[in-house]
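> quick one, what's the 3D model for this:
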Amino acid sequence: MPGYTHMQRAQPVTLAHHLMAYVQMLLRDMDRLADCYRRTDVMPLGAGALAGTTFPLEPEYTAELLGFASVQNNSMDAVSDRDFAVEFCADAALIMMHLSRFCEEIILWATGEFAFIELDDATAPAPASCPRKRTLTWLNS
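Here you go, the predicted structure:
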């Protein structure tokens, strides 16, 4: 199939090579989520509201029972840190960008201008008002 750059035909590529680009993107996304999880797999028990607690807690034992990888090392950081939320949102935004890019290519490939693929009517029905226009119902729901 033709490879495109800036919507202009560039050089031939195989469909497998083209689709493998998305595999690589999604693998990086999975790595990012795994890194995010690793950094957030810390139990804050014992941090209290700011500077810990005097209750005789056993955070390591509780973390083990609950399946946490580790316990917090600093109570102030444990109760005030929010970078995990920013990191997760950034990771989710990248995933959505990659999925959006893939969906856009499916839409382009199904247009009359490209005509590389044909989508089943169950996936892309034509609205009654524009019988020649097909919409991807799974993208619009």
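
> I'd like to know which elements the lengthiest helix in the chain is packed against.
Under DSSP state H, the helix in the chain containing the largest number of residues is helix 83-110. In terms of contacts (3 or more CB pairs under 8 Å, 6 or more residues apart in numbering; DSSP states H and E), helix 83-110 is packed against helix 15-40. (Glycine included, C-beta is placed from N, CA and C.)

> next helix or strand past the helix it packs on?
Sequence-wise, the next helix or strand downstream of helix 15-40 (DSSP states H and E) is strand 42-43.

> stretch 3-11: how far from the chain's middle?
In terms of CA atoms, centre = their mean, to the nearest Å, the centre of stretch 3-11 is set 27 Å apart from its chain centre.

> name the residues that touch it?
Here stretch 3-11 makes contact (CB atoms under 8 Å, 6 or more residues apart in numbering) with Pro2, Pro12, Val13, His18.

> quick check: closest non-adjacent residue to the first one.
With CB to CB, 6 or more residues apart in numbering as the measure, Arg9 is the residue that lies nearest to Pro2, at 4.4 Å, once sequence neighbours are left out.

> give me the pLDDT for that neighbour.
With respect to pLDDT, Arg9 scores 93.

> show me the contacts of stretch 3-11 that map onto strands.
The strands, defined by DSSP state E, take in Pro2, Pro12 from those.

> will you turn the contacts of stretch 3-11 into a markdown table that also has pLDDT?
Below are the contacts of stretch 3-11 laid out as a markdown table (pLDDT from 0 to 100):
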| residue | pLDDT |
| --- | --- |
| Pro2 | 93 |
| Pro12 | 96 |
| Val13 | 96 |
| His18 | 95 |
